[in-house]
Every structure is written in structure tokens, then in C-alpha cells.
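**Q** this is a predicted model, with the sequence first.
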Amino acid sequence: MTVGAFGKELSARNPDPAGRRWLFVPYDQLSGAMGPLSREDPSTLGIVLVETTAKGSRRPYHRQKLALVLANLRHFALEQAARGVAVRHVAGSAGYRDLLEPVIAQVGPLRVMEPAERELRVELEPLVRTGGIELLPHEGWLTPPDALERSQAGPPWRMDRFYRWVRRETGILMDGGSPVGGRFSFDGENREPWKGEPPAAVEPTFPMDPVKQEVLEFVERRFAHHPGELRPDHLPARKEDAAELWRWARESCLPHFGPFEDAMSMASTTLFHSRISSLVNLHRLLPREVLSDVLALELPLSSQEGFVRQLLGWREFVRHVHRATDGFRELPGGPLATGEPLPDAWWGTPSGLHCLDRVVSDVWREGYSHHITRLMVLSNLALLLDVDPRALTDWFWVAYTDAYDWVVEPNVLGMGTFAAGDLMTTKPYVSGAAYLDRMGDYCGDCAFDPKGNCPVTPMYWAFLQRHRSRREGNQRMSLPLASAAKRKETLQERDRTVFGIASRRLQAGLPVRPEDLPPP
């Protein structure tokens, strides 16, 4: 029996469960506006919601992530009970299969929209085979299951081909047969550094309530050993919180999103990013409604198209690639490459590199950073250090509140580390200190000078030299590889030395210091 503030409120709202058709609603399908809940009479429906500490303990998930999922799941339960849907809340330490089997024995087979996460699909497969669970199509996606195949022959697959196909099929941001503005992508215009103007959007806060308070206390007690801060004021839990976050994003972020999409700053982890990805991935905000709202706004085209590309293009593309490769287990190029252990710097041990230390600190404080700090700081530096791609992927999975297997594995294995080769992207996204200095402001507070002794630049050149044989056939790498080959042997030797020192010190849990490196 569910007890506490949530249990009491659920008991007060819960209707008679007799004579219902039952649905199992996974943790990331928390919407009454899709699937059977959106169409069938609430008085005829019951839903099963599962809380299992086995899931939360599977990895050392950020405590804010655990609290976000649990608080939204419980508020979703109350919302559905209030509209007449019967709710069975099942909690325990066993896995989903073991917790659902007794429910199936009592109420009969459960319908469920196909889970987005492969991990949950695998766990439920025995129940599907025996008829205990009937799978329905997942109605949260914006593109059909065969969209990848219809958009192109592959692998390899390319997001721009997929995105153009989706735009043409849907007519979104199209003027007849041509894209609005004459181009499908305005990515080239979305690369301005941010110098303090216009003022960055200030992250909104959300009220405390007894249900959220109870969840926070549970996470503090049960997952005290997990990393990450709990930030109650910045935890949207109710349906009204999700609506408020999206209203704030529309008004405060999207008008300036486009030009500063790639900018990084110590002054703000948000800048003009919407911060809605965690709630979209839980379906507290429905992708189709978010897309409709953005298309209805009066926005600069670079901001509107840039946001649409993230939602309708990249988000949909990566879930198709993840499904087509069985979660990157079936790859045309063979198994993923391996590498070095992930240094403790990603868990908060000082690295001596201010950009890395600051972004890592931000992540463990907020469970969030935007996509360029993920790609060009966290992934870039791991790639330059030859870190094992799976180890980095698992770190992102636990550290970010919006990370689930279908999105984090393509993002990190496919793009951030290029571990899958050209399966879904065309080149490794690596850079030296010049990019970090141009697009961010971390370098000013660093012990290293980006134009002088910063180890990131020699690590970049050393990376190109180490992996030359694997990259020489890549047309987009021809210029950097040619530049690397022209470096004097003395510089190449220093590049290798700096990489070796940085790698050894970080693997030992020690910071890299200017005095550790040979002079430039």
C-alpha cells in the first residue's frame, strides 16, 4: 500500500478500480494527451505506475534526475486519478517484470505503448512473449517508424537528409517545394559568442508541495550515496510547472536562441536554451505540442528553424538510429572501439583545466548543461584523451536529467566520440583551445593561456597524429590532417609529450599544471 502524503492524496482521489481496462504507463510516458488515455473514457481505464529502486540503483544517477522522474510520476498519478482514471501505484526493490507479474495475474493483460528505452523493452520482453503485455505504438514521436529508411539508403545515415525529408513530408517551414528562407538549415548563422548582451535568460523556479517534498526526502534517504545536488526550487513536478517552464522558454529564450545556440558562458548554463528536454523526454511536454507552439511564434527564422531542427530533426533522427542498430550493438563497422578509463575529473576531481572543471561542476549542481558544452568541452576533451566511449556514455547517462539510452548513446557514441565512425556523423568533433576561447569565457579564469601554454591545443594535434590512419579517408578531416602533417617534428614531439603528461596525471586523479608541461 502506498503511504505518506502521496498515498493519502491518491487514496482521496482514486476512483473505484472495478471493471477497468488497464494500461502500464512507463516512467517516460507521463501524459494523458497521447495513447488510450487521450481517447478512451477515463471511467473505463486504469493505469499501473511502477517505482522500483532497482532501476534507480542500476547506475549512480544524479539525485536531481531521480527526484525529477519520481515527482513527475506521482503528480501524473494524481492528475489521472482526478480525471477519473483508476491508479495502481506499485513500488518495490524488484525489477519491472517481477513487480508487474502479480498485477497481471490480478487484472489480466496490460496494454502499454512501446517503451522508448531499449533497456525497458528488453526487461518487458518476457511478459510480451507470454501475452501479459500488449504493445501499442508509441504516440509521442513526430515521425513514423520507417522514416529513416524512407529518407535515405543506409547505413551510413545522415541527419541532414533525414531532416530535409521530414520537412518535405510534413510541409513544416516549407513554402511550396522550397524551404522558408531559401535554406533548410541556418546553422551557419547560429555560432555567435555571447558577450553579455542581451541578458541571459534566468532559470525559473517552482513551488514546493507535499508530494515533491516527500520525493526529495526519499531520494536523500535511499540514494544518499548518489552524486549531484538536489535543487527543489528548480524541479518542475506538476503539470502546471511544465506549462510554466515552456511559457518561460518561449518568452525568455527562443527569441535569442538561434544566434547564441553554440555560445558558452560561466555566467549562465542556460543562455537562451529552453531547458525543456527533460520534460519532453518524460512527455510532460508533448513534442507535437511544443513543435506546434514554436511554429506559431513570431521568431527570427534562425531561432525558429534552429529549434525545429533540434526537435524534429536531431531528436527524431537519433532515436531511429538507436533502434536500427539495436542500441549500437549491431554496427556495420564491427564493435565499438575501447579506450582509457574515464578520469575522476568528470566526477568532480580538479583537472586543472578550468573549462572542464567548471562544466563538470555545473552538471553535478544542475543535472544540465547545453549541447555545446556537452559536445565541445566534455566529449571533446574525453576524445582528445582517448577515453573509452562507453565509459563516457554511461557518465552522461547518469549525470544528465534528460539522458535515456535512445538519446544518450547516439549523442555520445555516434557524435560526441565518433566511436561508431561515420555511421551517423561525418567527422570527429574535436578542437583545440582556440574554439573554446572564441565561443566561451572559461579561459580567463584558467591557469593556462589559450594562445600559449594550454594543453588542449597540443592534445588536439596529438590526437590527429595518433589517429591519422583511421581518418585519412575522411574528406572533412583532410585540412586538419594536412595542417597536422606540416607541423615541425619538434612541435609534434611536444604535442605527444603534452598528451602523455596530461593523460597520465588525469588518469592518476591529479590536475594538470603549467609547471608539468614543457614550454611552448
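**A** Great, that's in hand.

**Q** name the next helix or strand downstream of the one helix or strand in the chain whose mean pLDDT sits lowest, please.
**A** One helix or strand of the chain scores below all others by mean pLDDT, DSSP states H and E: helix 468-471, with a mean of 75. For helix 468-471, the following helix or strand on the C-terminal side (DSSP states H and E) is helix 478-486.

**Q** buried residues in the following helix or strand past that following helix?
**A** Remark: after helix 478-486, the chain's next helix or strand is helix 489-507, criterion DSSP H and E. Across helix 489-507, burial judged by 16 or more other CB atoms under 10 Å covers Gln492, Arg494, Asp495, Arg496, Val498, Phe499, Ile501, Ala502, Ser503, Arg505, Leu506, Gln507. Any C-beta I mention is one placed from the backbone N, CA and C, and that applies to glycine too.

**Q** repeat for stretch 313-326
**A** Those would be Gly313, Trp314, Arg315, Glu316, Phe317, Val318, Arg319, His320, Val321, His322, Ala324, Thr325, for stretch 313-326 by 16+ other CB under 10 Å.

**Q** with just CA atoms, put it into CSV.
**A** In CSV, the C-alpha atoms belonging to stretch 313-326 read as follows (Å, rounded to 0.1, in the frame of the first residue of the first chain):
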residue,chain,number,x,y,z
GLY,A,313,15.5,16.7,-36.9
TRP,A,314,18.1,15.5,-34.5
ARG,A,315,15.9,14.2,-31.7
GLU,A,316,13.9,12.0,-34.1
PHE,A,317,17.0,11.0,-36.1
VAL,A,318,18.9,9.7,-33.1
ARG,A,319,16.0,7.6,-31.9
HIS,A,320,15.7,5.9,-35.3
VAL,A,321,19.4,5.2,-35.5
HIS,A,322,19.4,3.8,-32.0
ARG,A,323,16.5,1.5,-32.9
ALA,A,324,18.1,0.5,-36.3
THR,A,325,21.4,-0.5,-34.5
ASP,A,326,19.8,-2.2,-31.5
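
**Q** check contacts around the residue nearest the centre of the chain.
**A** Computing the C-alpha centroid of the chain and ranking residues by CA atoms, centre = their mean puts Ala403 first, at 3.9 Å. Listed by CB atoms under 8 Å, 6 or more residues apart in numbering, the contact partners of Ala403 are Lys65, Phe396, Trp397.

**Q** nearest to Arg438, of those residues?
**A** Phe396 (24.5 Å; CB to CB).

**Q** ok, residues contacting the host helix or strand of the closest one?
**A** Assessed by DSSP H and E, Phe396 sits inside helix 389-399. Identification of contacts with helix 389-399 by CB under 8 Å, 6+ apart yields 59-62, 65, 227-228, 336-339, 341-342, 346-347, 363-364, 367, 374, 378-379, 382, 403-405, 408-409, 411-413, 416-417, 419.

**Q** show the buried residues in those residues.
**A** Burial by neighbour count, judged by 16+ other CB under 10 Å, picks out 60-62, 65, 227-228, 336-337, 339, 342, 346, 363-364, 367, 374, 378-379, 382, 403-405, 408-409, 411-413, 416-417, 419 from those.

**Q** inside helices: which ones of those?
**A** Members of the buried ones among the contacts of helix 389-399 lying in helices (criterion: DSSP state H): Lys65, Val363, Trp364, Ala382, Asp405, Val408, Glu409.

**Q** nearest to Thr130, of these?
**A** Nearest member of these to Thr130, counting by CB to CB, is Asp405, at 24.3 Å.

**Q** tell me the spacing between that closest one and Arg121.
**A** From Asp405 over to Arg121 the distance is 10 Å, taken as CB to CB, to the nearest Å.

**Q** make sure Leu49 is indeed in a strand.
**A** Yes - counting by DSSP: H, G, I helix; E, B strand; the rest coil, one finds Leu49 located in a strand.

**Q** residue contacts, it?
**A** Val25, Leu73, Phe76, Ala77, Val87, Arg88, His89, Val90.

**Q** against Leu136, how distant is the first one?
**A** Think Val25. From Val25 across to Leu136, the span is 11 Å (CB to CB).

**Q** cool, and the second one?
**A** Using CB to CB, Leu73 is found at 19 Å from Leu136.

**Q** compare these two (neighbour count), which wins?
**A** Ranked by neighbour count (other CB atoms under 10 Å), Leu73 and Leu136 place Leu73 first, with 22 against 13.

**Q** how about low-confidence regions in the stretch 401-520 of the chain?
**A** 472-473 (pLDDT under 70).

**Q** one step back: for the ones in helices among the buried ones among the contacts of helix 389-399, could you give me CSV that also reports distance to Ala433?
**A** Output for these, formatted as CSV (distance: CB to CB, whole Å):
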residue, distance to Ala433
Lys65, 31
Val363, 21
Trp364, 24
Ala382, 16
Asp405, 33
Val408, 27
Glu409, 29
